[in-house]
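Asks: Using only what follows, build the 3D model:
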Amino acid sequence: MNPTILILLRHGQSQWNASNQFTGWYDCDLTPKGEAEARAGGGALAEAGLLPDVVHTSLQTRAIRTADLALAEMDRTGVPVKQDWRLNERHYGDLTGMDKSETLKRYGDEQLNAWRRGYRTPPPHIAEDNPWNPNRDPRYAHIPPELLPTSECLADVVERLMPYWHDAVVPDLRAERVVLISAHGNSLRALAKHLDQIDDDAIADLNIPTGIPLVYELGPDMMPIEAKTTLARSLDPAAAAEAAAAVAKQAG
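Replies: Got it, this is the predicted structure:
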């Protein structure tokens with residue numbers, strides 16, 4: 001029996017990645033560099049013969065456009081694309097819109113690191129008057145108020161993502177479809193935590209590079225056939241490690 005193929009792809013560089021702002025649920029687009037990264041990711045998958053039959057994305061423009069650009073590069077623009085808020089980036093609460101370097105100066109390294117990497121430490125809740133408050137976006141009007149986050153730690157992302165994994169993604173995988181998930185650094189970290197069985201402390205050290213596909217071969221239990229580090233699942237592990245190191249150097 002052939003393995004089941006799952007591909008994870010973090011969106012290319014966004015406008016707020018480039019300006020060093022906490023983005024979270026704020027909906028910004030890709031930069032030209034991010035567009036090139038998305039195309040390169042699609043080209044790498046095409047060259048490897050890994051062509052998706054179905055795509056899952058968040059509701060955020062940068063993930064949707066990354067999927068579109070990658071699919072165009074693979075000549076797969078006709079495949080179904082499913083979108084859901086549970087694949088959204090982590091909600092950064094009232095840090096949304098803040099410059100990461102300025103946040104570091106204001107709160108100090110220990111507090112910032114706790115917000116960034118503490119598995120169960122969410123940032124302050126988003127203020128109603130925060131000019132970048134994404135919760136008023138009409139695309140989230142259907143989410144029940146008790147589920148709509150105002151701030152999230154990674155544990156919260158795991159909690160809201162895993163039902164979607166089991167209810168929406170796994171059925172596509174069991175139907176022997178090659179699945180591409182185009183999403184975000186933290187939603188993909190949450191899924192990698194599950195798939196690669198990364199403990200709560202070690203997950204702090206995982207950085208997902210932009211635009212570089214990670215390929216999982218899954219068995220009947222929908223878990224990886226081979227135990228590897230997450231970045232070793234890249235088609236180019238050295239490039240993935242280098243790009244992940246660059247992510248780790250960001251102030252936030």
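
Asks: Quick check: Pro131 is in a strand.
Replies: No - per DSSP: H, G, I helix; E, B strand; the rest coil, Pro131 lies outside any strand segment and is coil.

Asks: count of neighbours near it?
Replies: Pro131 sits with 7 neighbouring residues when counted by other C-beta atoms under 10 Å. In this view, the C-beta of every residue, glycine as well, is placed from N, C-alpha and C.

Asks: now Lys249
Replies: By other C-beta under 10 Å, the residues close to Lys249 number 7.

Asks: repeat for Gln111
Replies: 15.

Asks: ok, now Thr230?
Replies: Neighbour count of Thr230, defined by other C-beta under 10 Å: 24.

Asks: cool, Pro122 as well?
Replies: 21.

Asks: Quick check: it touching Val157?
Replies: No - Pro122 is beyond contact range of Val157, at 10.2 Å (criterion: C-beta atoms under 8 Å).

Asks: where in the protein is pLDDT low?
Replies: 1, 250-252 (pLDDT under 70).

Asks: Mind doing that once more with 90?
Replies: 1-3, 113, 116-117, 236, 238-239, 241-252 (pLDDT under 90).

Asks: Please, where are all the strands along it?
Replies: Assigned by DSSP state E, the chain shows strands spanning 4-10, 54-57, 81-83, 179-183, 214-218.

Asks: in the helix ranked longest in the chain, what's buried?
Replies: In the chain, ranked by residue count with DSSP state H as the criterion, the top helix is helix 32-47. Residues Gly34, Glu35, Glu37, Ala38, Arg39, Ala40, Gly41, Gly42, Ala44, Leu45, Ala46 are the ones in helix 32-47 that count as buried (16 or more other C-beta atoms under 10 Å).

Asks: Is it possible to get TSV of those that adds distance to Asp94?
Replies: Shown next, in TSV, are these (distance: C-beta to C-beta, whole Å):
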residue	distance to Asp94
Gly34	25
Glu35	30
Glu37	29
Ala38	30
Arg39	35
Ala40	35
Gly41	32
Gly42	36
Ala44	37
Leu45	37
Ala46	41
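
Asks: Check the strands of the chain for me and report the most buried one.
Replies: strand 179-183 (a mean of 29; mean count of other C-beta atoms under 10 Å).
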